[in-house]
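Engineer: sequence and predicted structure, then a few things I'm wondering about:
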Amino acid sequence: MSDQETKKKLSMVVMSGDMDKLFGAFIIANGAAAMGQDVTMFFTFWGLRALKKDVSTGTTLFGKMLGVMYGGDISKSNPSRFSFLGMGRWMFKKMMGNHNVSSLVELRDLAVTLGVKLYPCQMSMDVMEIPAETFIDGVQDPVGVGFFIGEADESGTTLFI
Amino acid sequence: MSDAPNVDLELDLKGLLCPMPMVKVSQSIKDVPVGGIIRAVATDAGAMADIPAWAKSTGHEVVSALKEGSEFVFLVKRVK
């Protein structure tokens, strides 16, 4: 076995909550994990949606407004183009289903199964009033940029999505 | 005839798209003994590039990768 070798590592900042970009992020993460790499994903700002359960969030007026306008879980994400108030999401889901692509929920849960580490950004959680209790099981404890830079420093590949 | 390796595990990957064929092979490689062979049949053309790349990265061996009609047939050997 080559366990003595340093394992390759991929780290990723996921800032986007768009459906298409989350697809890209999770497909890359799962592919790298399957190829034996350690994978760290750091979710910040809109990307936090990828970790959320379908629950309402927010404590202040603005936080609650954000929760209403940008509520829901990963399955509510819209494509970055051709959104058409949700029509685009429906259309892409249909198309992807017809072509047998896994859903975003399946890809994210597979990432947890394959040992991909999902870290939420503490600062974004505070600003957007999204507490850790609203995240799915398997999400790591919140971290900051220092942690991510430390991970990136050890990585052969670093991506920003 | 004697060159045909014994297959330890058959994997049906038909209909699966990226990254699933590679993920399934990587998950199943532990289910065969070292030296064992997986025969995987996929319909995703991308797997022709992905599965050899996976093998190169993980240290396993693609014994053969053939296009048979609309299907792609892989023989993958567990090396370690």
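Structural biologist: Everything's here; your move. Residues are numbered from 1 along each chain as shown, chains lettered A, B, ... in the order given.

Engineer: quick one: name the residues of chain B near chain A.
Structural biologist: Within chain B, the positions near chain A by C-beta under 8 Å from any C-beta of the partner chain are B:15-20, B:22-23, B:25-27, B:50, B:53-54, B:57-59, B:80. Every residue, glycine included, has its C-beta placed from N, CA and C.

Engineer: could you point out which residue ranges in chain B have low pLDDT?
Structural biologist: B:1-3 (pLDDT under 70).

Engineer: now do the same contact list for B:A49.
Structural biologist: By C-beta atoms under 8 Å, 6 or more residues apart in numbering or on different chains, B:A49 lies in contact with nothing.

Engineer: what helix or strand is the residue nearest to B:D50 when sequence neighbours are not counted on?
Structural biologist: Leaving out its chain neighbours, the residue that sits closest to B:D50 by C-beta to C-beta, 6 or more residues apart in numbering or on different chains is B:M22, at 4.6 Å. Assigned by DSSP states H and E, B:M22 belongs to helix B:20-28.

Engineer: returning to that earlier point: my read: the residue nearest to B:D50 touches A:A34, true?
Structural biologist: Yes. When contacts are counted by C-beta atoms under 8 Å, B:M22 is listed as touching A:A34 (5.2 Å).

Engineer: list the residues that contact both of these two?
Structural biologist: B:W54.

Engineer: number of nearby residues for residue 35?
Structural biologist: You didn't pick a chain, so chain A it is. 21 (other C-beta atoms under 10 Å in any protein chain shown).

Engineer: could you do chain B instead?
Structural biologist: Neighbours of B:G35 using other C-beta under 10 Å come to 11.

Engineer: now do the one 4 residues further on
Structural biologist: Counted by other C-beta under 10 Å, the residues lying close to B:R39 total 18.

Engineer: gap between A:I149 and chain B?
Structural biologist: 25 Å (C-beta to the nearest C-beta, to the nearest Å).

Engineer: how about low-confidence regions in chain A?
Structural biologist: Low-confidence segments of chain A (pLDDT under 70): A:1-5.

Engineer: all helices for it, in order.
Structural biologist: A:19-34, A:61-69, A:87-98, A:104-113, A:122-128, A:145-153 (DSSP state H).

Engineer: same check, this time on chain B
Structural biologist: Under DSSP H, chain B gives helices at B:20-28, B:47-58.

Engineer: most tightly packed of those?
Structural biologist: helix B:20-28 (a mean of 23; mean count of other C-beta atoms under 10 Å in any protein chain shown).

Engineer: okay, the angle between that helix and helix A:19-34?
Structural biologist: Relative orientation of helix B:20-28 and helix A:19-34, computed by axes from the mean of the first three to the mean of the last three C-alpha atoms, to 10 degrees: 30 degrees.

Engineer: could I get helix B:20-28 in CSV with only the CA atoms?
Structural biologist: Provided in CSV are the C-alpha atoms of helix B:20-28 (Å, rounded to 0.1, in the frame of the first residue of the first chain):
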residue,chain,number,x,y,z
MET,B,20,-20.9,8.1,-11.4
PRO,B,21,-19.2,5.4,-13.5
MET,B,22,-15.8,6.3,-12.0
VAL,B,23,-17.3,6.6,-8.5
LYS,B,24,-19.0,3.2,-8.7
VAL,B,25,-15.7,1.5,-9.9
SER,B,26,-13.8,3.2,-7.1
GLN,B,27,-16.4,2.0,-4.5
SER,B,28,-16.4,-1.5,-5.9
